[in-house]
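# Sequence plus the predicted model coming up.
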Amino acid sequence: LSQLFGLLVNLVFLGQAFTIMLVYIWSRRNPYVRMNFFGLLIFQAPFLPWVLMGFSLLLGNSVIVDLLGIAVGHIYFFLEDVFPNQPGGGRLLRTPALLKAIFDTPDDDPNYNPLPEERPGGFAWGEGQRLGG
């Protein structure tokens, strides 16, 4: 999605937009975290992407990249966290089955009996002898 938007605004490198997108998603998922920006500005986490965009603007940089990251992050947050919890909503973003087959770990076998050295705590060494006795 960000690549499509990047083509529309003639952006080749989307690393900064991706970073802002991750910041946006994190900030929306942690709305009660208090942030401190250079000791000058105290705000709640959902304002972090906007504060970073304002700082970028103060430095004279283009805010197109920041706006692109915020837009893509908002679309992802809505489709992943908001829409599925609405009446009649559902998850529209699903991992393709091919990727699940490649990267998912197989389920644990309930009948597996680990070797003693694989158990937590290692070997059962016995009780030993008391010191000083």
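Done, it's in.

# Could you list the low-confidence segments of the chain?
1-13, 116-117, 119-130, 133 (pLDDT under 70).

# Where do the helices of it begin and end?
2-8, 15-29, 48-58, 64-77, 97-103 (DSSP state H).

# Let's have those helices in JSON lines, adding mean neighbour count and distance to residue 40.
Using the backbone N, CA and C atoms, a C-beta is placed for each residue, glycine as well. Output for those, formatted as JSON lines (neighbours: other C-beta atoms under 10 Å; distance: least, C-beta to C-beta, whole Å):
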{"stretch": "helix 2-8", "mean neighbour count": "13", "distance to residue 40": "31"}
{"stretch": "helix 15-29", "mean neighbour count": "18", "distance to residue 40": "19"}
{"stretch": "helix 48-58", "mean neighbour count": "16", "distance to residue 40": "10"}
{"stretch": "helix 64-77", "mean neighbour count": "20", "distance to residue 40": "19"}
{"stretch": "helix 97-103", "mean neighbour count": "8", "distance to residue 40": "43"}
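
# Can you say which of these is nearest to residue 88?
helix 64-77 (19.0 Å; C-beta to C-beta).

# What separation is there between residue 40 and residue 108?
For residue 40, the distance to residue 108 equals 51 Å [C-beta to C-beta, to the nearest Å].

# Same list (the helices of the chain) but as CSV, adding distance to residue 87.
Converted to CSV, these look like this (distance: least, C-beta to C-beta, whole Å):
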stretch, distance to residue 87
helix 2-8, 30
helix 15-29, 21
helix 48-58, 29
helix 64-77, 19
helix 97-103, 28
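
# closest to residue 36 out of the ones you listed?
Short answer: helix 48-58, nearest of the helices of the chain by C-beta to C-beta, at 10.5 Å.

# counting contacts, what elements does the closest one pack onto?
With contacts taken as 3 or more C-beta pairs under 8 Å, 6 or more residues apart in numbering; DSSP states H and E, helix 48-58 sits against helix 15-29, strand 34-37, helix 64-77.
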